[in-house]
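Visitor: All I have is the shape, not the residue letters:
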DNA sequence: CGGACTGGGTTCTGAAAGCGAACGCAAATG
DNA sequence: CATTTGCGTTCGCTTTCAGAACCCAGTCCG
C-alpha cells in the first residue's frame, strides 16, 4: 500500500493513525498540552530536526489540530501554535499511551503523575459502556458495521 | 535526535510512541484485536510490505506485546501471533484513537460501532479522577514529578 | 547609522527506512 | 517428482529524515 493511503480507509482507527502515526507528532502534541506554543520551544524540547518540525506543524495546522496565530510580544510580532478544540480532544489518546507506558515501560514508577487539580486524585482512563456503565474489557465488546460504511 | 532515542526518554508518553509510533504498528494491532493471528492474514488485511511486516511483528514479539507460537493446523505446524496481556492492555489506546476518529474523521458517522455485548450500549472511554470520579478535561489536570524520575 | 543577535523558518545533502518483486524453504498435495 | 501454500528474507529503487547551512525581518548594541 502506498504511504499516505491510510487516511482514506473506512476505519476510525486508521484515519487518525495516518495523521498521528509517526515518531514525532504525538510528542509535539504532548508539548502542546504542556503549554508549548512557539516553534523554537518545540524544537528544543522535542528534539526533532527543524525541517521536519516545520512540516509536522504545518500538517497539524492543516488538520485543524493546531492553530497558527500572530500575537504581540511587547515589541515584536510573533507566531504561536495553539491547540484547537479538535486538538484538545486528543488528550485521551495521550492519556491512554501514558497509562500503558506507566504500567509497562516505567519500572521505577511513573515519571510524571497526573492529578485532578481539585481533589488530588489520579487521572485515569476508563473504558465503559455508555448505557449500563460497567467497565469493559476486550472480550465484552463486539463490533458491527456503522452508518459511515454505506457511503464510502 | 537520533531515530530510536525516544524509548530512553523518561516519559510514559514518549516510550510507547517509540514502540507504536509509525504508520503500521497500530494497524497491525487493530487486526490482532480483530482476531487475526497469521502472517499471511496480517499482510493481506493490513496492506504493508511483507518485509516490513516481518520486522514489525518481530519488534512486537520482542516487546512482549505479541507472542509467537507454533500450533498444529490439522496436518501442518503453523505459527501464530497472539496478543499477550501486555498487548491486550493497549486496547484503550485504539479506543481513544477510534473515539477521536469517529468524531472528526468520519463525516457520515462511524464506520464501525463498538457495543457492549451484554446490553447493547456503546463502548466509550472516560477520563476520570480515580478518587472523586468526576470527568476530567485538560484544564482539570496538573502534572507533577513522579518516583520514576529520580532513578534515571 | 552599521553590525550582531534572535525567532522562525527553508534548502541542501548524505543516511536510513520503506516499497514491491523476486527468491528461499519446508511441508503437504497431486 | 512437480506444484502449491505459508512464511518469511533479500534486493534494488524511492521516499523520508537528520543536521547543518542559509535566509529574512525586526531589534538591540555601540
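Guide: Yep, it's here. Owing to the predicted nature of the structure, the values given are computational and were not obtained by experimental measurement. Numbers count the residues shown, from 1 in each chain, chains lettered A, B, ... in the order given.
Visitor: List the residues that contact the closest residue to residue A:138 other than its chain neighbours.
Guide: Leaving aside its sequence neighbours, residue A:138 sits nearest to residue B:91 (Cβ to Cβ, 6 or more residues apart in numbering or on different chains; 5.1 Å). Quick note: C-beta positions are derived from backbone N, CA and C, even for glycine. Contact analysis of residue B:91 by Cβ atoms under 8 Å, 6 or more residues apart in numbering or on different chains lists A:127, A:137, A:138, B:33.
Visitor: Of the residues you listed - the most surrounded one?
Guide: residue A:127 (21 neighbours; other Cβ atoms under 10 Å in any protein chain shown).
Visitor: Identify the bridge partners of that one.
Guide: Beta bridges link residue A:127 to residue B:125 when assigned by DSSP bridges.
Visitor: Can you pull the residues of chain A lying near DNA strand C?
Guide: By Cβ under 7 Å from any atom of the strand, the residues of chain A that approach DNA strand C are A:1-3, A:38-41, A:50-51, A:54, A:57-58, A:68, A:78-80.
Visitor: could you give the mean pLDDT of the host helix or strand of residue A:54?
Guide: Residue A:54 belongs to helix A:50-62 when assigned by DSSP states H and E. Across helix A:50-62, the average pLDDT comes to 94.
Visitor: which regions of chain A sit below the pLDDT cut-off?
Guide: A:1-4, A:73-75, A:151-152 (pLDDT under 70).
Visitor: Quick check, central residue of it?
Guide: residue A:90 (4.1 Å; Cα atoms, centre = their mean).
Visitor: I'd like the distance between that residue and residue B:132.
Guide: For residue A:90, the distance to residue B:132 equals 24 Å [Cβ to Cβ, to the nearest Å].
Visitor: So what touches stretch A:41-49?
Guide: With Cβ under 8 Å, 6+ apart as the criterion, stretch A:41-49 contacts A:23-24, A:27-28, A:31, A:36, A:50, A:53, A:56-57, A:81, B:1, B:5.
Visitor: Counting neighbours, which of those residues comes out on top?
Guide: residue A:27 (26 neighbours).
Visitor: so what's that residue closest to, chain neighbours aside?
Guide: residue A:46 (5.3 Å).
Visitor: okay, now the one you found: neighbour count?
Guide: Residue A:46 has 21 nearby residues by other Cβ under 10 Å.
Visitor: ditto for residue A:146
Guide: Quick note: residue A:146 (other Cβ under 10 Å) scores 18 neighbours.
Visitor: got a list of what it touches?
Guide: Contacts of residue A:146 by Cβ under 8 Å, 6+ apart are B:109, B:110, B:111, B:112, B:113.
Visitor: Just the closest of those to DNA strand C, please.
Guide: Using Cβ to the nearest atom of the strand, residue B:111 comes nearest to DNA strand C of these, at 21.8 Å.
Visitor: In contact with the closest one, which residues?
Guide: By Cβ under 8 Å, 6+ apart, the neighbours of residue B:111 are A:10, A:11, A:12, A:145, A:146, A:148, A:149, A:152.
Visitor: how far away is the second one from residue B:102?
Guide: Between residue A:11 and residue B:102 the distance, using Cβ to Cβ, works out to 10 Å.
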